[in-house]
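Colleague: below: sequence and its predicted model.
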Amino acid sequence: MAEEQQLIRMAIEARKKSYSPYSHFKVGACLETWGGKFYTGCNIENAGYTATNCAERTAFFQAVSEGEYNFRRIAIVGGGEKGITEACPPCGVCLQVMMEFCDRDVFQVILAKSPEEYEVVLLKDLLPRGFGPGQLKR
Ligand code: THU
């Protein structure tokens, strides 16, 4: 398993690919599976703003499209013209996607400012009463 720092470095690298000509807010993410694979993503904006895809979802959809479903944690970095100056928590839509594929009690979201300065939060604390696949089974 990788160290948090490695995951954050990969997220910082992925952020460089951000396509964000409208907000100029660049986000990068690196998703790790329990098998030790990594899927990175950046935000991809669109002139029709609602078609924008966040970095986290880019990483998730890439992984799922390759048949991966066992996710351990994700590192996220984001920031505007001044660079990465503070933590970038996932938006509600991204939390909903995490809710679909992850165990809320163990899935970790690493909110990073740098490889040295970061916070590890559980999905259950970011989305305490989310709607998920479990509801449809009852
Ligand atoms: N964004 C992400 O990629 N992830 C987040 O967690 C928050 C927001 C993107 C979407 C949009 O391209 C830009 O940041 C500004 O909202």
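Modeller: Arrived safely, thanks for sending.
Colleague: residues from the protein in reach of the ligand?
Modeller: 20, 23, 25, 27, 43, 45, 52, 54-56, 78, 88, 90-91, 94 (CB under 6 Å from any ligand atom). Glycine gets a C-beta too; all of them are placed from N, C-alpha and C.
Colleague: which of those count as buried?
Modeller: Buried members of the residues of the chain next to the ligand, scored by 16 or more other CB atoms under 10 Å, are 20, 27, 43, 45, 52, 54-56, 78, 88, 90, 94.
Colleague: the residues you listed in helices, which ones?
Modeller: 55-56, 94 (DSSP state H).
Colleague: let me know the closest of those to Leu136.
Modeller: The closest of these to Leu136 turns out to be Cys94 (CB to CB; 20.2 Å).
Colleague: that closest one contacts Thr58, correct?
Modeller: No. Between Cys94 and Thr58 there is no contact under CB atoms under 8 Å: 9.8 Å.
Colleague: and the pLDDT at the spatially closest residue to Pro90 that is not a sequence neighbour?
Modeller: Leaving aside its chain neighbours, Pro90 sits nearest to Glu56 (5.2 Å; criterion: CB to CB, 6 or more residues apart in numbering). In this model, Glu56 is scored at 98, pLDDT.
Colleague: before we move on, the earlier item: would you list the ones in helices among the buried ones among the residues of the chain next to the ligand in JSON lines and tack on distance to Trp34?
Modeller: Converted to JSON lines, these look like this (distance: CB to CB, whole Å):
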{"residue": "Ala55", "distance to Trp34": "21"}
{"residue": "Glu56", "distance to Trp34": "18"}
{"residue": "Cys94", "distance to Trp34": "20"}
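Colleague: between these, which is nearest the ligand?
Modeller: Ala55 (4.0 Å; CB to the nearest ligand atom).
Colleague: who's in contact with that closest one?
Modeller: Listed by CB atoms under 8 Å, 6 or more residues apart in numbering, the contact set of Ala55 reads 11, 14-15, 18, 27-29, 41-43, 76, 78.
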